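In: sequence first, predicted model second:
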Amino acid sequence: MCRTFIVDDEEDMRVLLRATIDTENRGLHVVAEADSGAGAIALAPDLEFDVIVLDHKMPGMSGLDTAARFLQAEPDLPIVLYSAFLDEVVAGEADRIGIRSCVRKGDTRALVQALRAACPS
């Protein structure tokens, strides 16, 4: 079972992601959600998860900043950046930081594929 942690500032998006991931429940399961990068960092020590789905544009701490903080502590942590604001600059920065994959919001099929690829076997 691949335990997934969702981080997105939009509640509607978290609900949609949870429904998508739980519907595609062939080895995927949402274990927690956070509405900000700071909230995710605070909540993470109390969780057991295998992969993070992380929004890029969030108030306070961006997804890239949040990912950098997580990867500083755990360099092999799989992170999927899920954002409506993907371009070459964001994708390049994500790659430089160590984010496993970037998926454009709305492409739930690609998101599920990215989660499956990122999760430990």
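Out: That came in fine, so what should we check first?
In: pLDDT weak spots in this protein?
Out: Low-confidence regions of the chain, defined here as pLDDT under 70, cover residues 24-25, 121.
In: need the longest helix for it.
Out: helix 11-23 (DSSP state H).
In: now the helices for this protein?
Out: Under DSSP H, the chain gives helices at 11-23, 37-43, 63-73, 88-97, 108-118.
In: now distance to Val80 and mean neighbour count too, for the ones you listed, in CSV please.
Out: The way it works is simple: take the backbone N, C-alpha and C, and place the C-beta from them, glycine included. Putting the helices of the chain into CSV (distance: least, CB to CB, whole Å; neighbours: other CB atoms under 10 Å) gives the following:
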stretch, distance to Val80, mean neighbour count
helix 11-23, 10, 15
helix 37-43, 13, 18
helix 63-73, 10, 19
helix 88-97, 10, 14
helix 108-118, 5, 17
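In: spatially central residue for the chain, please.
Out: Val53 (1.4 Å; CA atoms, centre = their mean).
In: start and end of stretch 16-29, how far apart?
Out: 14 Å (CA to CA, to the nearest Å).
In: what's in contact with it?
Out: 1-4, 6, 8, 30, 33, 53, 82, 108, 111-112, 115-116, 119 (CB atoms under 8 Å, 6 or more residues apart in numbering).
In: let's see it at 7 Å
Out: With contacts defined as CB atoms under 7 Å, 6 or more residues apart in numbering, stretch 16-29 is touched by 1-4, 6, 8, 30, 33, 53, 108, 111-112, 115.
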